[in-house]
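Chemist: Structural data only, the sequence is not supplied:
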DNA sequence: TTCAATCTTGACTTTTTCGTCAGGATTCAT
DNA sequence: ATGAATCCTGACGAAAAAGTCAAGATTGAA
């Protein structure tokens, strides 16, 4: 239950773009240098983000990348979903191959499934409340109790 | 941001043990058959759980595994910590190698760090409230709103 | 003692994920 | 047109995770 490298670096690339003034774009080499990630890897991450609809790209001499929406309309949950998928995907119980056909024979397996659903909800409630803009402006303030209290709202 | 296979299967093994009457043990082949995991893999998972102090083992002809504590004293958080480590470990910012020395030069990087801390808290609050015993007895009831409301407690 | 059932360990193989690469396509300035 | 700067794509190699294996150690029963 860890962040993948793709999630960590991809989110950093997004944040670099979010720090640009509206209309300004960044090229791969610029992001690469700012984040200390190789050009090739930045290119791959941006490809994923573009295919996920989070960034737009422009080719040519003055090309580069921009966010597809304003930073306050992109949540961290959006980014994670594009970069790494959800904690608990729908095929979960298919992995199971015990002495029954599926998880219905096993109370244990299915109670685990219910738990993950709950964990997923808790995670989503934090991630879906936080936009790129929040991250840039709030910084440390984000970890305050206020935000935690809102989880149950 | 996914559960590792080790976490999923390891937790299932724990739940099998939790379903035994106190004092009863299960052998590797028994768990293997019940969960549809190979003997070897079950052995590896139980080794990890034993080293983490969650299960006890007995060798010899009537050997097997038992939980180290009653099921209502082992939380899912305990299990995940042993099986897969925490979402956000302390070396997190060391990965960073941008054009400064560490994350202090970059507001973006550090605000991400604050966010993960918050996500970790939210996840822990769900996982630390749920014991193996809860999972066995409650099943679906676990996903009720009651549990969610308690997150902010 | 001898044997069968069981756990223990370290090393190995396979699979998945991550990062890299080379070649191509597009745009714009000259 | 030509060339420089940029993004685009599919395929390759490296690293990490997952799973397997073989040989050994312990226990209890016959």
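Modeler: That came in fine, so what should we check first? Because the structure is predicted, anything quoted here is derived from the model rather than measured.
Chemist: Around DNA strand C, pick out the residues from chain A.
Modeler: Counting by CB under 7 Å from any atom of the strand, chain A comes close to DNA strand C at A:4-6, A:9, A:37-38, A:40-41, A:43-44, A:58-63. In this view, the C-beta of every residue, glycine as well, is placed from N, C-alpha and C.
Chemist: go with 10 Å
Modeler: By CB under 10 Å from any atom of the strand, the residues of chain A that approach DNA strand C are A:2-10, A:32, A:37-45, A:47-48, A:58-63, A:83-85.
Chemist: can you map out the helices along chain A?
Modeler: A:5-18, A:28-35, A:39-51, A:76-84, A:107-127, A:132-138, A:145-149 (DSSP state H).
Chemist: could the ones you listed go into CSV alongside distance to residue B:53?
Modeler: Shown next, in CSV, are the helices of chain A (distance: least, CB to CB, whole Å):
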stretch, distance to residue B:53
helix A:5-18, 30
helix A:28-35, 39
helix A:39-51, 39
helix A:76-84, 31
helix A:107-127, 21
helix A:132-138, 37
helix A:145-149, 30
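Chemist: picking that back up, mark which of the residues of chain A next to DNA strand C are buried, thanks.
Modeler: A:2-3, A:7-10, A:32, A:37, A:41-42, A:45, A:48, A:83-84 (16 or more other CB atoms under 10 Å in any protein chain shown).
Chemist: re the thing from before, okay if I get the helices of chain A as CSV plus distance to residue B:132 and mean pLDDT?
Modeler: Output for those, formatted as CSV (distance: least, CB to CB, whole Å; pLDDT from 0 to 100):
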stretch, distance to residue B:132, mean pLDDT
helix A:5-18, 29, 94
helix A:28-35, 42, 94
helix A:39-51, 38, 97
helix A:76-84, 28, 94
helix A:107-127, 9, 74
helix A:132-138, 36, 84
helix A:145-149, 26, 45
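Chemist: for those helices, which one sits closest to residue B:72?
Modeler: With CB to CB, the closest approach to residue B:72 among these belongs to helix A:107-127: 14.3 Å.
Chemist: Spatially central, which residue of chain A would that be?
Modeler: residue A:80 (1.6 Å; CA atoms, centre = their mean).
Chemist: Surely that residue and residue B:2 touch.
Modeler: No: the criterion here is CB atoms under 8 Å, and residue A:80 misses it with residue B:2 at 10.6 Å.
Chemist: Find the closest residue to DNA strand C in chain A.
Modeler: residue A:60 (2.6 Å; CB to the nearest atom of the strand).
Chemist: Now the phi/psi pair for that residue, please.
Modeler: Here is the backbone geometry of residue A:60 (degrees, to the nearest 10): phi 90, psi -180.
Chemist: Next, find the distance separating it from DNA strand D.
Modeler: Note on residue A:60: its distance to DNA strand D, by CB to the nearest atom of the strand, to the nearest Å, is 5 Å.
Chemist: Please tell me how far that residue sits from residue A:27.
Modeler: 11 Å (CB to CB, to the nearest Å).
Chemist: Read off the pLDDT value for the closest residue to residue A:68 other than its chain neighbours.
Modeler: Leaving aside its sequence neighbours, residue A:68 sits nearest to residue A:56 (CB to CB, 6 or more residues apart in numbering or on different chains; 5.1 Å). Looking at residue A:56, its pLDDT is 97.
Chemist: How about residue A:143?
Modeler: So residue A:143 comes in at 44 (pLDDT).
Chemist: Same check on residue A:86?
Modeler: At residue A:86, pLDDT is 76.
Chemist: List the contacts of it.
Modeler: A:120, B:1 (CB atoms under 8 Å, 6 or more residues apart in numbering or on different chains).
Chemist: Within range of DNA strand D, give me the residues from chain A.
Modeler: A:1-2, A:4-5, A:25-32, A:39-40, A:42-44, A:46-47, A:49-51, A:55-66, A:95.
Chemist: switch to 6 Å and redo it
Modeler: A:27-29, A:43, A:47, A:50, A:57, A:59-61, A:63-65 (CB under 6 Å from any atom of the strand).
Chemist: Tell me the one among those nearest to chain B.
Modeler: residue A:29 (12.2 Å; CB to the nearest CB).
Chemist: Next up, the contacts around that closest one.
Modeler: residue A:39.
Chemist: change it to 10 Å
Modeler: Neighbouring residues of residue A:29 by CB atoms under 10 Å, 6 or more residues apart in numbering or on different chains: A:39, A:42-43, A:64.
Chemist: Name the member of those residues with the shortest distance to residue A:129.
Modeler: residue A:42 (27.9 Å).
Chemist: Leaving out sequence neighbours, find the closest residue to the closest one.
Modeler: Per CB to CB, 6+ apart, closest to residue A:42 is residue A:32, 4.7 Å.
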